[in-house]
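Participant: what follows is a predicted structure for the sequence shown.
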Amino acid sequence: MAVKITPDMRKRTRVPKQTLGQRLRTLRQARGLTQVQLAKTSGITQRAISYYETDTGLPPATVAAALARALNVSTDELLGLKVPKVGHLDDDAETRRLWKRFRQVASLPERDQRAVIRLINSLSGRGSEASA
């Protein structure tokens, strides 16, 4: 008796659209963290984070777990088995509106982008520190 494989019996695997390094970088940037800040939070070195983000190597399980905790995601989300929740960006309508505007700045010419950053810095008080 021959066994017939039907479409329903095929193993379903999901191919990640991003590499682990790309996901790690995306999650880190979505949280507004630098590599140094993530390193301090996760207890690993900035050099290791750079190594993982450039897909030069893969973190051991314990490091992946520490990175996931520091980024406030599950290891499944970090490894690409689940869609990561960027979190906190879509908390309310006002935050979504501000983020939408901020993303529009990326489409401006570089000169205008720098002008917007200078304006934000001056309004947030950082501009006065820079000139002092």
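Facilitator: Here it is on my side, so go on.
Participant: the domain parsing of the chain - what is it?
Facilitator: Domain ranges of the chain: 20-79, 93-131, per automatic domain parsing.
Participant: deepest in the core, which of the ones you listed is it.
Facilitator: Among these, the stretch with the highest mean neighbour count (mean count of other C-beta atoms under 10 Å) is domain 20-79, at a mean of 16. Where C-beta positions appear, they are placed from N, C-alpha and C, glycine not excepted.
Participant: quote the end-to-end distance of that domain.
Facilitator: One end of domain 20-79 sits 6 Å from the other (C-alpha to C-alpha, to the nearest Å).
Participant: and the domains of the chain, which one averages the lowest pLDDT?
Facilitator: Mean pLDDT is lowest for domain 93-131 among these, at a mean of 77.
Participant: what about that one, distance to the chain center?
Facilitator: Put simply, domain 93-131 sits 20 Å off its chain's centre (C-alpha atoms, centre = their mean, to the nearest Å).
Participant: now the strands: where do they sit in this structure?
Facilitator: For the chain, strands defined by DSSP state E do not occur.
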